[in-house]
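# I would like to see how this sequence folds:
(2 chains)
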Amino acid sequence: MAEFSWDVRSPLDRALLAGPYGAHGDAGVTLTEIRNFDLVQVMARRGKAVDMATVAKTRFGVAAPETPKAVHTADATLIWSGPDQFFILAKNGKHAMDWLVPTFAASGSLSEQSHARALISISGAKARAMLAKLSSIDLHPGAFAVGAAAATSMDHTSVTLWRGNDRDGQAVLNVLVFATFAESLWHTMLDSAAEYGVAIAHSEELT
Amino acid sequence: MRIVCPFCGERELGEFTYLGDAKPVRPAADAGEDAVYDYVYLRDNIAGVMSENWYHGGGCRAWLKVTRNTLTHEISAVEPAAGAGAAKVGA
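Numbers count the residues shown, from 1 in each chain, chains lettered A, B, ... in the order given. The predicted model follows:
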């Protein structure tokens, strides 16, 4: 009988090679894949958007975004993904399906996406220049502030994009991409960033 | 061409898919063969302002009703199509 390996692996496991890439010198772009997150998509049932918003606010203490925004709660990030729907991004099983099902039982449909997406965090002095090659969204700090989000496409691939809290005075842009498209988008990102020099890493934990 | 999605804001054409005329309405079950034939096959080829269905598949995945001038590509209105966003239906 054939032997199967059911090890949980990142969709970028094969493509990601930690270290420097592209132009030598100081890296203009930092690409970090973040692993081991919990991700659930919540979509309001027909006519239940108000109920869903109410129970979400009770559970998370802040209102779920109703416009393209990402909001931080004590232990999760809520990211707008379309009208009357949003993602819950968390870790350590705190907002895993088992805990969310009773909360949203009467108002929302839940979809487990933890292993269906790859999460890539982009920062660095040239991050915006590199993303300008891939995205038609205006990512100027004045137009895309901390907490701004967008459901958009990069290289014909649907992504969820949002700006996290700044790190070391620099913008951090996060991209959630379908797992099966992650490798393709990753290579496109590397091609786009190569001229600026890239620092590639992965994190085993959402921070 | 750009379309201002009522949910996402202004986006490039590449994020959208064109479906076609938003005007035809499914006839009643007893409307007869001619009415069904008209609904399924017959389309006006409008040179001017028309109402169209567009899908924001590269973004929020909502269906939109776009009022567009086919001669100039000028878009005068964009609104969610019926059923876009659970809140818009039977809330």
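
# the closest residue to A:Lys57 other than its chain neighbours: what's it in contact with?
Distance criterion CB to CB, 6 or more residues apart in numbering or on different chains; nearest residue to A:Lys57, sequence neighbours excluded, is A:Ala63 at 5.0 Å. Yep, even glycine has a C-beta here, placed from its N, CA and C like the rest. Applying CB atoms under 8 Å, 6 or more residues apart in numbering or on different chains, we find A:Ala63 in contact with A:Ala53, A:Ala56, A:Lys57, A:Val71.

# in strands, which of the residues you listed fall?
By the criterion of DSSP state E, membership of these in strands covers A:Val71.

# closest to chain B out of the contacts of A:Ala63?
Proximity of the contacts of A:Ala63 to chain B, judged by CB to the nearest CB, is greatest for A:Ala53, which lies at 9.0 Å.

# thought A:Glu66 was touching that closest one, still the case?
Yes. Because the distance of 7.2 Å satisfies CB atoms under 8 Å, A:Ala53 is recorded as touching A:Glu66.

# looking at those two, which is more packed in?
Set side by side, A:Ala53 and A:Glu66 give different neighbour counts by other CB atoms under 10 Å in any protein chain shown, the larger being at A:Ala53 (20 against 14).

# which helix or strand contains the nearest residue to that one once chain neighbours are set aside?
In this structure, A:Ala53 finds its nearest non-sequential neighbour in A:Ala64, 6.1 Å apart by CB to CB, 6+ apart. For A:Ala64, there is no enclosing helix or strand under DSSP states H and E.

# for A:Trp80, see how far away A:Ala64 is.
The spacing between A:Ala64 and A:Trp80, counted by CB to CB, to the nearest Å, is 8 Å.

# now the common contact residues for these two.
Shared contacts of A:Ala64 and A:Trp80, defined by CB under 8 Å, 6+ apart, are found at A:Phe86.

# what about the most centrally placed residue in chain A, distance to chain B?
Within chain A, one residue has its C-alpha closest to the average C-alpha position: by CA atoms, centre = their mean, that is A:Leu176, at 3.4 Å. With the distance defined as CB to the nearest CB, to the nearest Å, A:Leu176 ends up 14 Å from chain B.

# separation between that residue and A:Leu39?
7 Å.

# list the residues that contact both of the two?
Here A:Leu176 and A:Leu39 have A:Phe87, A:Leu89, A:Arg117, A:Leu119 as joint contacts, going by CB under 8 Å, 6+ apart.

# and the last one, backbone torsions?
The one in question is A:Leu119. A:Leu119 adopts backbone torsions of phi -110, psi 120, taken as degrees, to the nearest 10.

# so what's the spatially most central residue of chain B up against?
The C-alpha lying nearest the average C-alpha coordinate of chain B belongs to B:Asn53 (CA atoms, centre = their mean; 1.4 Å). With contact taken as CB under 8 Å, 6+ apart, B:Asn53 is in contact with B:Tyr18, B:Leu19, B:Gly20, B:Asp21, B:Ala22, B:Trp63, B:Leu64, B:Lys65, B:Val66, B:Ala81.

# I'd like to know which of those residues are part of strands.
For the contacts of B:Asn53, membership in strands holds for B:Tyr18, B:Leu19, B:Gly20, B:Asp21, B:Trp63, B:Leu64, B:Lys65, B:Val66, with DSSP E as the criterion.

# which one of these has the most neighbours?
The residue in these with the most neighbours, by other CB under 10 Å, is B:Leu64 (23 neighbours).

# pretty sure that residue is touching B:Trp54, no?
Yes. Counting by CB under 8 Å, B:Trp54 is a contact partner of B:Leu64 at 4.8 Å.

# anything in contact with each of these two?
Overlap between the neighbourhoods of B:Leu64 and B:Trp54 consists of B:Ile3, B:Phe16, taking contacts as CB under 8 Å, 6+ apart.

# this completes my enquiry, with thanks.
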